[in-house]
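Visitor: Have a look; sequence and predicted model below, questions after that.
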Amino acid sequence: MPLTLLQIAQRVVNELGLPAIATVEGNQDNTVRQINALINRSGDNIYQEYPWIVSQDYHIVDIGAPIITTGDVVSGSTTITNIPSTAGIVADQFAITGDGFLQSTRVLTVVDANTIIIDQQPTVTQIGMELTIARDTYAVPADFKWFANMTMWDRTNHWQLIGPMSPQADQWLRSGIVPTGPRRRWRQVGTEPVNWRLWPAPTASNDYPATLIFEYNSKYWASNNAGVRQEGLTQDTDYAVIDGQAIVLDTKWRLWQAKGFEYGALQAEFKDYLDRLAARDGGSPDLSLAKRKGNFYLLNMENVPDGNWPGDGNP
């Protein structure tokens, strides 16, 4: 069974020989308050230590059709007026294309119901120019902490997404002569939550509709009594989704360190427990010495030298 905040704190004080406690929530005793803070610090540290199975989740992004509209464009001006409606357009989340628009032009500001500002000056003046405004930046989940590598896929086209793109590679595509390819690229930009950007923007008919997916690790390592995941333990009945005993062991040495006591043995006990916990989490694949289709293999000509084996009598 998962351990609650109160149960974790009680195990900590009992194992360290400290006075018993009946509650953590609202307790004004300095040591109890310190234990409460260290429990949450321990939980935050442990969930970031390893990609625990209980912290893994996935997120689906559905790409719809771009907005096809019109507007009055003036050469050298970043303001576009007389758009029939700017509903659905969000600043810094949409790319825009039109005659005389520089590559990778984006919507910088939505001024009002009929006016937007873009980030690059067009080179053509035209009344009622046809514009294509496509969303290229999407939100990550509220509990997102980091991506699970190599899990980004375009399920519609059965292609793995290319990324994360570095700033240099991203600008090479956006600003260079050859801007697109047959596959989508992605990059994490700016601050959360709306910071997952695609390239190219889905403006071509074969770019949409499309379903994209990626897996990630959640920062919600705790839960309240109703089963709603959250970032930490605040109520006595809140419980840890990650291993509660690991939090107990981690809190013990952190408390002793904070008090100025010798904590090396307690820290070593925690690290040994965490290593064993991580080794068993989710299981492990078999590694074959021979290459077989669909199997991982351990030895091949690329990772085993021809000679110079260590030890006596070896060439």
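Guide: Received, thanks.
Visitor: alpha carbons only for contacts and neighbour counts from here, please
Guide: Fine.
Visitor: What residues sit buried inside the lengthiest helix in the chain?
Guide: Secondary structure of the chain per DSSP state H: the longest helix is helix 30-49. When burial is assessed from 16 or more other Cα atoms under 10 Å, helix 30-49 yields the following buried residues: 32, 35-36, 38-44, 46-48.
Visitor: what about the helices in the chain?
Guide: In order along the chain, the chain carries the following helices (DSSP H): 5-16, 30-49, 167-175, 244-259, 264-280.
Visitor: Which of those sits closest to residue 108?
Guide: The closest of the helices of the chain to residue 108 is helix 167-175. By Cα to Cα, the value is 16.6 Å.
Visitor: Centre of the chain to that closest one, how far?
Guide: The chain centre lies 22 Å from the centre of helix 167-175; the measure is Cα atoms, centre = their mean, to the nearest Å.
Visitor: If you count neighbours, what's buried in that helix?
Guide: Buried residues in helix 167-175, counting neighbours by 16+ other Cα under 10 Å, are found at 170, 173-174.
Visitor: now do stretch 69-86
Guide: 70-74, 77-83, 86.
Visitor: and the end-to-end length of that stretch?
Guide: 9 Å (Cα to Cα, to the nearest Å).
Visitor: can you give me the strands in the stretch 151-300 of the chain?
Guide: Assigned strands in the stretch 151-300 of the chain, in chain order: 153-154, 159-160, 185-188, 194-199, 210-218, 222-223, 229-230, 239-240, 287-288, 296-297 (criterion: DSSP state E, counting those that start in this stretch).
Visitor: Among the ones you listed, show me which one is buried the most.
Guide: The highest mean neighbour count among these belongs to strand 239-240 (a mean of 28), with neighbours defined as mean count of other Cα atoms under 10 Å.
Visitor: coming back round to it: make JSON lines out of the buried residues of helix 167-175 and add distance to residue 279 and pLDDT.
Guide: Converted to JSON lines, these look like this (distance: Cα to Cα, whole Å; pLDDT from 0 to 100):
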{"residue": "170", "distance to residue 279": "37", "pLDDT": "91"}
{"residue": "173", "distance to residue 279": "41", "pLDDT": "88"}
{"residue": "174", "distance to residue 279": "43", "pLDDT": "89"}
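Visitor: what would those look like in TSV with distance to residue 234?
Guide: What follows is the buried residues of helix 167-175, written out as TSV (distance: Cα to Cα, whole Å):
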residue	distance to residue 234
170	42
173	47
174	46
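Visitor: if we can go back for a sec, quick one: which of the buried residues of stretch 69-86 sit in strands?
Guide: Mapping the buried residues of stretch 69-86 onto strands (DSSP state E) picks out 70-73, 79-80.
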